[in-house]
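Chemist: no FASTA, just this:
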């Protein structure tokens with residue numbers, strides 16, 4: 001069920017309100033521009049499924065992913081130690097890790113960067129109901145976002161990280 005943010009935005013949200021209010025100003029402004037233009041061209045409002053989130057919430061989400069999904073989302077630029085640790089633990093335990101176990105891995109990782117979501121530099125947009133995915137990708141890229149279509153990984157969203165937000169290491 002969509003949540004109506006306190007401010008009127010040209011998009012809907014299905015995440016916590018703090019996911020939107022915690023976005024970096026440049027991200028919120030750029031995404032608002034994208035959503036307005038997408039709405040103007042298609043008549044359809046975009047649905048944000050995730051914005052800024054905590055390390056603990058990230059661990060909760062990651063605990064539900066398979067090794068293949070984790071590798072597809074977090075190993076595009078190498079194989080971070082935290083993914084290696086999660087994978088090793090999953091193989092030893094013959095199961096997915098709990099959110100708390102995943103959080104402990106993330107909290108104690110050797111490498112720093114995990115996701116732009118942790119510092120308000122990214123949004124995820126639901127693909128369900130999209131009328132024109134190529135248009136959305138084009139608009140996002142024109143506003144300074146890099147995009148990843150996560151549908152091939154079984155996650156029904158377009159991940160968009162803004163290029164002009166410095167990567168910040170969050171260890172919570």
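Modeler: Nice, I can see it. None of the values given here were measured: they were computed from a predicted structure. Residues are numbered from 1 along each chain as shown.
Chemist: Give me the distance between residue 139 and residue 133.
Modeler: As for residue 139, its distance to residue 133 is 11 Å (criterion: C-beta to C-beta, to the nearest Å). From N, CA and C alone the C-beta is placed, and that goes for glycine too.
Chemist: Look at those two and report which has more neighbours.
Modeler: More neighbours sit around residue 139 than around the other of residue 139 and residue 133, counting by other C-beta atoms under 10 Å; the figures are 23 against 14.
Chemist: quick one: the helices in this protein?
Modeler: In the chain, helices defined by DSSP state H lie at 17-21, 25-42, 55-63, 67-74, 81-93, 99-107, 133-142, listed in chain order.
Chemist: Make a markdown table out of those helices and add distance to residue 117.
Modeler: Below are the helices of the chain laid out as a markdown table (distance: least, C-beta to C-beta, whole Å):
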| stretch | distance to residue 117 |
| --- | --- |
| helix 17-21 | 8 |
| helix 25-42 | 10 |
| helix 55-63 | 7 |
| helix 67-74 | 11 |
| helix 81-93 | 15 |
| helix 99-107 | 12 |
| helix 133-142 | 15 |
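Chemist: Residue 168: which of the ones you listed is closest?
Modeler: Within the helices of the chain, the stretch nearest residue 168 is helix 55-63; the backing value is 11.8 Å (C-beta to C-beta).
Chemist: Please compute how far that closest one lies from its chain's middle.
Modeler: Averaging C-alpha coordinates over helix 55-63 and over its chain gives two centres that are 11 Å apart (C-alpha atoms, centre = their mean, to the nearest Å).
Chemist: again with stretch 40-54
Modeler: For stretch 40-54, the separation from the chain centroid amounts to 12 Å (computed by C-alpha atoms, centre = their mean).
Chemist: try stretch 93-111
Modeler: When distances are taken as C-alpha atoms, centre = their mean, stretch 93-111 is centred 18 Å away from the chain's centroid.
Chemist: distance between the ends of that stretch?
Modeler: Between the opening and closing residues of stretch 93-111 lies a distance of 23 Å (C-alpha to C-alpha, to the nearest Å).
Chemist: buried ones in that stretch?
Modeler: By neighbour count, and taking 16 or more other C-beta atoms under 10 Å as the criterion, the buried residues in stretch 93-111 are 96-97, 99, 101-103, 105-106, 109.
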